[in-house]
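K.L.:
Prediction below, plus the sequence it came from.
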Amino acid sequence: MIPTPVLRFNPIADKVPKWKQIYHKWRGIQNMPFKSKYFVGYDLDGNSYWEFKNVNNPGRYRRIVEPAKPDLSLVDHKIPPQWVQWLRFTRPHHPTLEELIADKQRQELLQAKIAAYEAKWAEIPLKTPENADESRDMSLEDQLKPNFNEAELAELAEVFEKVPQKKPAPRAPPKTPNMGNLEVEEIIKHYPENGPDTVLADGGRERDHDLKMDYVEKEREGDHKPREWAPKVGVRSRG
């Protein structure tokens, strides 16, 4: 950021006469009666900016710019953006000459940097098939791959040979035996609940339980059916 310069000279001395500056300074006093138009300030081209009361809206002032030369066309003339903001009521306070000079220096410095970079880029030759760089056409993955020659590879191999290799720690035997290497007898020994006797006994008990449950279900279904009527044998009829 460019610091605000301290004015040791009047930047508009050659653009606005001395008597006119005194007159504008007197017109800038706002506490004088019977005065409806007030002078606000200058830009670096000598244009003056004014503020006066609005007859239709007394609470809002109107703002205008008066060119330094009567024959100056403001359509083709560029007003500083700081003053444009003030004229459009988007800026509460008017800009000062110090602020305008600092902005002008910033623009000049920016243009000098742009010219220097353009001259630097002009010295770089254009890319042609003769001076094309193959690395620019490679993908990022190929560019990041290490590219060693034979001497560097031999040196790296010697370094790796000198580094002591750590032996892997012995693995503890598993608590559960490997089922793939066990015979049927060993499986029954380790897991007796899977033996044939246990399986057959469990199967018999399960079969008996199923038959019993089927019988109970049939008895429950028969309790709700009405009994078939049949005459009793040997019963005399009264007559």
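P.N.:
Perfect, thanks for sending it. Numbers count the residues shown, from 1 in each chain.
K.L.:
and the chain, what are its domains?
P.N.:
18-103, 180-222 (automatic domain parsing).
K.L.:
Report the beta-bridge partners for residue 41.
P.N.:
residue 49 (DSSP bridges).
K.L.:
so how many other residues sit close to it?
P.N.:
The number of residues packed near residue 41 is 18, by other Cβ atoms under 10 Å. The way it works is simple: take the backbone N, C-alpha and C, and place the C-beta from them, glycine included.
K.L.:
what does residue 42 give?
P.N.:
With other Cβ under 10 Å as criterion, residue 42 counts 22.
K.L.:
Number of residues surrounding the residue lying closest to it once chain neighbours are set aside?
P.N.:
Closest residue to residue 42 apart from its sequence neighbours, by Cβ to Cβ, 6 or more residues apart in numbering: residue 12 at 5.2 Å. The burial count assigned to residue 12 is 17, neighbours taken as other Cβ under 10 Å.
K.L.:
isn't residue 12 right up against residue 47?
P.N.:
No - checked against Cβ atoms under 8 Å, the pair residue 12 and residue 47 is beyond contact range at 9.5 Å.
K.L.:
Okay, strands next: where are they in the chain?
P.N.:
Under the criterion DSSP state E, the chain contains strands at 37-42, 48-53, 61-66.
K.L.:
how far off strand 61-66 does the first one point, in degrees?
P.N.:
Think strand 37-42. 60 degrees (axes from the mean of the first three to the mean of the last three Cα atoms, to 10 degrees).
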